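Trainee: next comes the sequence, and after it the predicted model I'd like to discuss.
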Amino acid sequence: MRAQLKGDYVEVKVLMSHPMETGRRKDDFDHLVPAHFVQLLTATLNGKTVLEAQWGTGISKNPYLTFRLKGAKVGDVVAVTWHDNHGATATQDIAVTEA
Amino acid sequence: MQRRDFLLGLATFIALIPVKVFAALWNKAAFESVQLKDAAKHLNINTEIPSADIQITAPDRAENGAIVQVEVKSNIANTEAIAIFVEKNPTPLIANFMFSNGAEPFVITRIKMAETADIKVVAKVGNQYFTNAKNVVVLENGCG
């Protein structure tokens, strides 16, 4: 995860570790692999919500996301939290740095 | 492993929580729709206005449909949300992003595409919906 000040906006890049199974893929034994995917993602800037996303199974495995924030400055903290369809959740956070 | 990476890993806290709390927020009907028009209906998208002010950057040809990077930017003032669809996927609605408190209507992500199709983007601006599309030729099915 990275959050860099680039002129008048902060660019946040985040890579998540998740299988993003569609529920349609078959394993080597011809068994369907159950759907397992991130459904909700929330990003905050110093605790205030800036981005809320709902995802389906069409987001690629190990999801990648870039977004941009106006009005953020060096030292501000950006956090990204996801929740998947199994009820698992994970959070990453990082302070904004100069590009 | 760097210390920072280790601490970040530690911060990546995994916990089990009741599924139903979040399931209530997720638009199940829209994401499980197999027709694009039904998915759009479940997102309350009514009349769509074509707009070149929505920029979609994606490859013209994708070798592998499992990973197609797409960049979407809306130049329409007061864009609140951006929905991404792939018309010929088993479930066309890919994602819906809602922006607030200074987040720009801009996103880069990687999506799955089952076959050659349009990536369709709908931007919500108040009660209006603007749309644009970009065709991507897909050589290998990425929907497993």
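Mentor: Noted; the coordinates are in hand.
Trainee: for the rest of this, base every contact and every neighbour count on C-alpha atoms.
Mentor: Fine.
Trainee: list the contacts of the residue nearest to B:Glu115 when sequence neighbours are not counted.
Mentor: Nearest non-adjacent residue to B:Glu115, counting by CA to CA, 6 or more residues apart in numbering or on different chains: B:Val138, 5.2 Å away. Going by CA atoms under 8 Å, 6 or more residues apart in numbering or on different chains, B:Val138 touches B:Arg61, B:Ala62, B:Glu63, B:Asn64, B:Gly65, B:Met113, B:Ala114, B:Glu115, B:Thr116, B:Ala117.
Trainee: which SS class is the fifth one?
Mentor: Yep, that's B:Gly65 we're talking about. The three-state label given to B:Gly65 by DSSP: H, G, I helix; E, B strand; the rest coil is coil.
Trainee: which residues touch it?
Mentor: B:Ile111, B:Lys112, B:Met113, B:Ala114, B:Glu115, B:Val138, B:Leu139, B:Glu140, B:Asn141, B:Gly142, B:Cys143.
Trainee: local confidence estimate at the nearest residue to the last one once chain neighbours are set aside?
Mentor: Distances taken as CA to CA, 6+ apart put B:Ala114 closest to B:Cys143, at 5.0 Å, once the chain neighbours are dropped. Predicted confidence (pLDDT) at B:Ala114: the value is 95.
Trainee: residues near B:Ala114, how many?
Mentor: Neighbourhood size, B:Ala114 [other CA atoms under 10 Å in any protein chain shown]: 23.
Trainee: please apply the same query to the one 10 residues further on.
Mentor: Counted with other CA under 10 Å, the neighbours of B:Lys124 add up to 21.
Trainee: try B:Ala58
Mentor: Neighbours of B:Ala58 using other CA under 10 Å come to 18.
Trainee: got the contact list for B:Ala58?
Mentor: Neighbours of B:Ala58 in contact, by CA under 8 Å, 6+ apart: B:Val68, B:Gln69, B:Val70, B:Glu71, B:Lys134, B:Val136.
Trainee: quick one: low-confidence ranges for chain B?
Mentor: For chain B, residues meeting the criterion pLDDT under 70 lie at B:1-24, B:144.
Trainee: spatially central residue in it, please.
Mentor: Computing the C-alpha centroid of chain B and ranking residues by CA atoms, centre = their mean puts B:Ala95 first, at 3.0 Å.
Trainee: residues in contact with that residue?
Mentor: A:Ala53, A:Gln54, A:Trp55, A:Gly56, A:Gly58, A:Ile59, B:Ala83, B:Ile84, B:Phe85.
Trainee: so the fifth one sits right up against B:Ile119, yeah?
Mentor: Looking back up the chat, that one is A:Gly58. No. Look at A:Gly58 against B:Ile119 with CA atoms under 8 Å: they stay out of range, at 11.8 Å.
Trainee: the two: which is more packed in?
Mentor: Neighbours per residue (other CA under 10 Å) separate A:Gly58 from B:Ile119, with A:Gly58 holding more: 30 against 23.
Trainee: contacts for stretch A:27-35 next, please.
Mentor: So stretch A:27-35 is in contact with A:Met20, A:Glu21, A:Thr22, A:Gly23, A:Arg24, A:Arg25, A:Lys26, A:Thr57, going by CA under 8 Å, 6+ apart.
Trainee: which of those come close to chain B?
Mentor: With CA under 8 Å from any CA of the partner chain as the criterion, the contacts of stretch A:27-35 include A:Thr22, A:Arg24, A:Arg25, A:Lys26, A:Thr57 near chain B.
Trainee: can you pick the most crowded of these?
Mentor: Counting by other CA under 10 Å, top hit in these: A:Thr57 with 27 neighbours.
Trainee: now it: closest residue in space that isn't a chain neighbour?
Mentor: Closest residue to A:Thr57 apart from its sequence neighbours, by CA to CA, 6+ apart: A:Thr22 at 5.0 Å.
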